[in-house]
Structure formats: structure tokens, C-alpha cells
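In: Mind folding the following:
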Amino acid sequence: MSNFADIYEFNPFRLDVRERRLLRGGVEITLRPRVFDTLCFLVKHSGRLVTKEELLQGVWPDAAVEENNLTHNISILRKALGEGATGQSFIETVPRIGYRFSAQVAHRNESQVDFAADPRRVQAEPMQRQEIRFCTATDGVRLAYATIGKGFPIIKAANWLNHLDFE
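Out: Numbering: from 1, shown residues only. This is a model prediction of the structure:
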């Protein structure tokens, strides 16, 4: 195994295999371990058809799992990659055979990564502190609200309806 981290980039994502991180524009997308492994396997074999059997062996090498586990992971990946919203398809389904990661992928190791562009290497802003404030409405009702950061406060009224469907 290489001493360098494998990093795969496919617009607008960065997949860091060693750190087990998927970033979209510098923002981390959290994936369950097997879903992450499924993405890694597909990305490492990008451009070619990967059979369902290969994926099952690559992601669950020592376990007997059903094909619906794989189908479920692919569904979660599509949502995480935003395929439905953007119209761009990263994972192509070949019915009854397997999947193909169809996005153009750039593979780098850590020595080739532009550290200035790596969001982990950028100096983080100091942690902002939440402030709780109070005010009195014109009818005499006391209100509490919290602020953090800059800008106008956003106020959400308490749930005045008692059913989640109305929330």
C-alpha cells in the first residue's frame, strides 16, 4: 500500500480515501462506512462496468449479503451526490448486470494535492459563540432568541400547531 493518500476528484467532489472523507466544494458529506466503501470501489473503477458480484465482493468481502444491500447503497450515494437535483448522473445503472461510475475522475496522491485548495489546510475561523438575548413584544410577552455570526437574527415562532404534518 502506498504511503500517500489516494484522492479522487470529480467535479465538484473530492474523495479522500485514507481520511475517509467526501467533500463537495469544501463541505464534508457524511456517509455510512459501507456506502463510502461502495463509492470508493466505483470511483476506483470509474469508466468501466462493474458487475454486482464484483461490488459485493469488493465492499462485503467476508460477508454474505443480499443484492438489495447494494441497491440501497447506490440509492443513498445518488442522493448524497445530488443526482436527482442537478440532473447530472455519476452512477449509471446497467440493468441486471451492474454499475458504471460515469463522471470524469482525476486521481491524485497526497504529494500532488494543491494544499492551498484543500479546505482542511486552511486556517479555520475562531469558533463563534452563540448569544441568547431577550426582548419584550409590544403586547408584553417576553421572547428569547439566539444569535450567532453576523447579520439579522432569524426568528422561528414556537410550534403553534400540534401536528408534525403542519410544521
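In: Got the domain ranges for the protein?
Out: Domain assignment of the chain by automatic domain parsing yields the ranges 6-121, 131-160.
In: Turn those domains into a markdown table, including mean neighbour count and mean pLDDT.
Out: The way it works is simple: take the backbone N, C-alpha and C, and place the C-beta from them, glycine included. Below are those laid out as a markdown table (neighbours: other Cβ atoms under 10 Å; pLDDT from 0 to 100):
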| stretch | mean neighbour count | mean pLDDT |
| --- | --- | --- |
| domain 6-121 | 15 | 84 |
| domain 131-160 | 8 | 71 |
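In: For the residue nearest in space to the middle of the chain, list each beta-bridge partner.
Out: Residue closest to the average C-alpha location in the chain (Cα atoms, centre = their mean): residue 29, at 2.2 Å. Assessed by DSSP bridges, residue 29 has beta-bridge partners residue 22.
In: so how far is stretch 44-58 from its chain's centroid?
Out: When C-alpha coordinates are averaged (Cα atoms, centre = their mean, to the nearest Å), stretch 44-58 and its chain have centres 21 Å apart.
In: end to end, how far does that stretch reach?
Out: 11 Å (Cα to Cα, to the nearest Å).
In: which stretches of this structure form strands?
Out: With DSSP state E as the definition, the chain shows strands at residue ranges 6-10, 13-16, 21-24, 27-29, 49-51, 91-94, 98-101, 106-109, 131-136, 142-147.
In: Reformat those as CSV; add distance to residue 83.
Out: As requested, those are arranged in CSV below (distance: least, Cβ to Cβ, whole Å):
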stretch, distance to residue 83
strand 6-10, 12
strand 13-16, 12
strand 21-24, 12
strand 27-29, 13
strand 49-51, 17
strand 91-94, 7
strand 98-101, 12
strand 106-109, 20
strand 131-136, 40
strand 142-147, 35
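In: Out of those strands, which is closest to residue 80?
Out: When the strands of the chain are compared for distance to residue 80 using Cβ to Cβ, the nearest one is strand 27-29, at 5.4 Å.
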